[in-house]
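>>> Need coordinates for the below:
(one chain, ligands or ions: 2)
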Amino acid sequence: MIHKETIDKIFDASRIEEVVGDFITLKKRGINLLGLCPFHNEKTPSFTVSPVKGIYKCFGCGKGGNAVNFIMDHELLTYPDALRYLARKYNIEIEEEEQSPEELESQNARESLYIVSAFAQKQFTNDLYHTDEGKAIGLSYFRERGFREDIIEKFQLGYSIDKWRAFTDTALKAGYQLDYLVKAGLTIAGEEKTFDRFSGRVMFPIHNVTGRVIGFGGRTLKTDKKTSKYVNSPETDIYHKSFVLYGLYYAKKGIIAADNCYLVEGYTDVISMHQAGIENVVSSSGTSLTVEQIRLIRRYTQNITILYDGDNAGIKASFRGIDLVLEEGMNVKVLLFPDGEDPDSFSKRVSQEELKTFISENSKDFIAFKTQLLFEEVKHDPIKKATLIKEIVESVAIIPEAIMRSVYIKECSRIMDVDEQVLLSELNKIRRKKVTDTAKPESFAQEPILSSEGIDYSVEKKKEVLFDDCEEQEKEIIYFLLKYSDQKILTDAEDEEGRPTEVEVSVADFIIQDLNNDRIKFDNTLYQRFFDLYTNPELPTENYFIQHVEKEISQLAIDLVSSPHSLSDWERHGIFVITEDQFLKKAVLKTIYALKSKKIQKMLLENHRKIKDCKGDEEIMRLLVERKQLEEGKKLYSSLLGRPIIK
Ligand code: ATP
Ligand code: MN
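Ligands and ions are numbered 1, 2, ... in the order given. So this is what the prediction gives:
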C-alpha cells in the first residue's frame, strides 16, 4: 500500500500532457492538446488531453482517464505500479504503508517465484557451459543447429542435467525452498517423489516485458517418440501464458523502429530470425494466439505480419490469427513459407539479404493471401467460390473501421471479380446481424413510455425493460453533484420564530437532503456508490472523483466532466431548457423533479403489474389507494416540470 498523502503528491506532480507526451505526439488545439489515440487505430487525431482538468479523453473510442489511468492502460500496469512509475518520473519518494500479512505474503510469494526462476536460468546456463554433459550434449546441439555464440548468450539458453533431480537438489542446497520450486513449475511434486520437470533438455527461458525470467521451454534431445519434443512451464502466478509473447523483451525496440511485428511459431523461429538480423519478431509459444497477446503487440505497432509454416496446420493457425488481429483493428499481413519450411529452417538456408527480400516480396495482405491460396481450387466451382467469397467478407466484417472495410471490399471485388455492390450488401447483412445479436435490451427504453392514453402497457416485454429506466435522470443528478457541488443556491427555510425565510446551501447539500427526504435510491449501483461518497462531512471535490482509486468511479467522473452537456442535449431529453450557470437552482430542481417523476412512473408500472396479479380483495384496495397517490404525484411533478398532464 502507498500512503494516501504520497498518492496525492503524485497526482499533484503529474502533468497529464507530460505523461501522455512521453508516448504520443501532442499538438496544441485551443486550451487542449490533440494527438492520435494509442488505444485504437485512427488516422485523424481525436485523442484530447486537457492540462487544466488533468485528464485525457478519446472522442473516437471513448477511452478517458487521469494520468494514472493512462499509465495503467498504456503500459499495462496495476494501479500501484502506475503510481510507482509516476513517482519515479517526478522524483517522488514512496513510503510504502505497512502491508497486511496477506498482501506481504502474496507479494513475497510472487517475488520468490521470480527469484527462483532467475536462479534456474543461471543454473541452466552454468550447466550448459561448465559441465561435461552440458557441453557435450546441450552446447553441441545448439552449435549443430547453427546458433551463434552471441545469440546463445543473448537469449540466455541453457541445459538441464539429465538426472531425476539434479536441478532440484542444487537449488535446495543453495537455500531455495521446495515449495517455490514447485510453484514456479521447475520441480514436479509427485505422490512419493519430487523430480525435475526439465531434466535432459536444452532450455529456453521466457522473459516478461521488463526482461525478468518467468518461465521456460525445454526441448528434448532424445529421438525416442515417447518423450514430447517440447515441455513448457505450467501456468504460475508469474507466468500467464495467454498474456506473454516469447521474445517481446528483445523485440520491443525493433518493433517500434520497423513499425511492424513478425509473429512466428516458436522459440527457434524467434532466435533464428534474430540471428539473421531481424529483431522485430515474437511468438506465442505454449498456446495458440490470444487477443491479449495481440494487444501486447499493439502497444508498439498497428502492423502484424504472420509468418507460418506452409503446411495445413500452419495455414489454419494463420486464418485464426488473421481474424483475431482484424478484430483488434490492426493491419495484418501473412507470409507462408514453402511447405515443410519454417522461419528457422528457411533462415538457415538462405543469406540474410535473401531472407529479407523473401519476406518483403511474399508478405500479402490477408485478402490476397486467402484468395491466392484458395482461388485456384475453387475458381471453376461456383458454389465453392461463393463460399470462399462469403468467408472473406466475413473477415472484412470483423474490421472495426469503416474506411478499412471499404478498401478491402474494393480489393476483394477486384481480385475475385465480383460486383462491389454485391459484396457491400453481403457485408452489411453480416454486420447488421452482428449488431442485433449483441444489442442490449436498453434500446427499448428509447421508445416513449407515455402514449396518448397514458402509460402504455401494451407490450408486455417492453415493460420489464422500462423498470430500469431512471438511469438517465440519475446521471443528471450525479452530473450536478459533480459539477456544482459547492456552489450556493437559496432555499426556503424558517427562522427562529417560524417565519419563512431563505438560506444559502450548497448544491450538493440541497440535492442530498432532498433525495434523502424522499428516501430515493439509485437504480444504477455505480451512481449510488458515487452518491454515497457525498456523505463525507467534507464535500468531495471534482478532483477527488477524477482521481478515485476505483476505476469505475473515476471513469464516470471523467466522462461527465469531459463531455459537457450541450443545451440541445438537455432540450432533446426534455429535461429543461436553461443555461446551466444562470438558473442553477431551477436547473437543479428540474433535475430532481425529472428523477422523481420517472421513479413514480416506474412505481406505477409496478403497481399495475401487482394489481393484475393480485388475488386478495384487501390487497387490491391497498394497491388502488397506492395507485391514486402515485397518480397524484405524477400530476404534481408533471406540472412542476411544465409538461402537459395526460389523464
Ligand atoms: P526440429 O529440429 O525437429 O525442426 P524444432 O525444435 O525446430 O525441431 P519444431 O517442431 O520445428 O521444433 O517446432 C518449431 C517451434 O514450435 C519450436 O521452436 C517450438 O518453439 C515450437 N513448438 C513445437 N512444439 C511445441 C510444444 N509442444 N510446445 C511449445 N512449443 C512448441
Ligand atoms: Mn524446426
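
>>> Could you measure from A166 over to ligand 1?
Separation of A166 from ligand 1 (C-beta to the nearest ligand atom, to the nearest Å): 23 Å. Quick note: C-beta positions are derived from backbone N, CA and C, even for glycine.

>>> Show the contacting residues for that residue.
Residues touching A166, when contacts are defined by C-beta atoms under 8 Å, 6 or more residues apart in numbering, comprise 160, 196, 199.

>>> how does it look with 10 Å?
Counting by C-beta atoms under 10 Å, 6 or more residues apart in numbering, A166 touches 123, 127, 131, 133, 160, 195-196, 199-200.

>>> all strands for the stretch 51-200 of the chain, in order.
Here the stretch 51-200 of the chain has its strands, by DSSP state E, counting those that start in this stretch, at 55-58, 64-66, 158-159, 187-189, 194-196.

>>> I meant the stretch 301-450 of the chain, not that one.
Under the criterion DSSP E, counting those that start in this stretch, strands of the stretch 301-450 of the chain are mapped to 303-308, 331-336, 364-365, 450-451.

>>> from those strands, which stretch is densest packed?
The highest mean neighbour count among the strands of the stretch 301-450 of the chain belongs to strand 303-308 (a mean of 24), with neighbours defined as mean count of other C-beta atoms under 10 Å.

>>> List the neighbouring strands of that strand plus their orientation.
The strands beside strand 303-308 in its sheet (DSSP bridges) come out as strand 261-264 (parallel), strand 331-336 (parallel).

>>> For ligand 1, which of those strands is the nearest?
strand 261-264 (8.1 Å; C-beta to the nearest ligand atom).

>>> Dump the strands paired with strand 303-308 to TSV, plus distance to ligand 1 and mean pLDDT.
Putting the strands paired with strand 303-308 into TSV (distance: least, C-beta to the nearest ligand atom, whole Å; pLDDT from 0 to 100) gives the following:
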stretch	distance to ligand 1	mean pLDDT
strand 261-264	8	96
strand 331-336	15	91
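
>>> List, one by one, the residues from the protein near ligand 1.
217, 219, 228-230, 232, 265-269, 285-286, 342, 344 (C-beta under 6 Å from any ligand atom).

>>> Let's see that with 5 Å instead.
Of all the residues in the chain, those in contact range of ligand 1 (C-beta under 5 Å from any ligand atom) are 230, 265-268, 285.

>>> of all the residues you listed, which comes closest to ligand 1?
Lowest distance from ligand 1 to those (C-beta to the nearest ligand atom) belongs to G266, with 2.1 Å.

>>> ok, the closest one - how many residues close by?
For G266, the number of neighbouring residues by other C-beta atoms under 10 Å comes to 20.

>>> Would you mind confirming that it is in contact with V281?
No: at 11.2 Å, G266 and V281 do not qualify as touching, with contact defined as C-beta atoms under 10 Å.

>>> Find residues that contact each of those two.
246-247, 343.

>>> between those, which is nearest S14?
Comparing those against S14 with C-beta to C-beta places G247 closest, at 32.5 Å.

>>> wait, isn't the closest one in contact with I278?
No: the pair formed by G247 and I278 falls short of the contact definition of C-beta under 10 Å, at 11.1 Å.

>>> So for those two, which sits in the more crowded spot?
Remark: of G247 and I278, G247 carries more neighbours, 27 against 22, as counted by other C-beta under 10 Å.

>>> any idea how far the more buried one lies from E18?
Distance, G247 to E18, using C-beta to C-beta, to the nearest Å: 31 Å.

>>> One more: I137?
I137 sits 53 Å away from E18, going by C-beta to C-beta.

>>> How about L336?
45 Å.

>>> do the same with I409
As defined by C-beta to C-beta, I409 lies at a distance of 42 Å from E18.

>>> Test for you: state the pLDDT assigned to D495.
Model confidence at D495, given as pLDDT, is 75.

>>> Please apply the same query to the one 10 residues further on.
Turning to V505, the model gives it a pLDDT of 83.

>>> Can you name the residues bridging to it?
For V505, the residues forming beta bridges with it (DSSP bridges) are I489.

>>> With Y230 instead?
On the basis of DSSP bridges, Y230 takes part in beta bridges with R219.

>>> what's the burial count for it?
Residues contacting Y230 under the criterion other C-beta under 10 Å number 15.

>>> Let the chain start at 660 from now.
Okay, using 660 as the starting number, the last item reads as Y889.

>>> Now do the same contact list for it.
Listed by C-beta under 10 Å, 6+ apart, the contact set of Y889 reads 860, 863, 876-879, 925-927, 944-945.

>>> So which of the residues you listed belong to strands?
Among the contacts of Y889, the ones falling in strands (DSSP state E) are 860, 863, 876-879.

>>> which of those residues has the most neighbours?
R860 (27 neighbours).

>>> Model confidence for that residue, exactly?
Taken from the predicted model, the pLDDT recorded for R860 is 97.

>>> where's it relative to ligand 1, distance?
Here the criterion is C-beta to the nearest ligand atom. By it, R860 lies 11 Å from ligand 1.

>>> I'd say that residue and F875 touch.
Yes: taking C-beta under 10 Å as the definition, R860 is a contact partner of F875 at 8.8 Å.

>>> shared neighbours of those two, which are they?
Here R860 and F875 share the contacting residues 783, 817, 819, 890, scored by C-beta under 10 Å, 6+ apart.

>>> For the last one, give its distance to Q952.
What it means is V890. 21 Å.

>>> Please report how far G906 lies from V1009.
21 Å.

>>> Which one of the strands of the stretch 710-859 of the chain lies nearest to A916?
Between A916 and those, the tightest spacing by C-beta to C-beta is seen for strand 714-717, at 25.6 Å.

>>> residues in contact with D982?
Residues counted as contacts of D982 (C-beta under 10 Å, 6+ apart) are 991, 1025, 1053-1054, 1057-1058.

>>> coming back round to it: mind listing the shared neighbours of G906 and I937?
Overlap between the contact sets of G906 and I937, as judged by C-beta under 10 Å, 6+ apart, is given by 913, 921, 923, 929.

>>> care to break the chain down by domain?
663-748, 767-898, 913-1097, 1130-1299 (automatic domain parsing).

>>> can you tell me which of these the model trusts least?
Among those, domain 1130-1299 carries the lowest mean pLDDT, a mean of 81.

>>> And it, end to end?
20 Å (C-alpha to C-alpha, to the nearest Å).

>>> if we can go back for a sec, Serialize the contacts of A825 to TSV and add fields for distance to K1271.
Converted to TSV, the contacts of A825 look like this (distance: C-beta to C-beta, whole Å):
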residue	distance to K1271
Q782	75
D786	79
T790	84
E792	83
S819	73
F854	70
D855	71
S858	73
G859	75
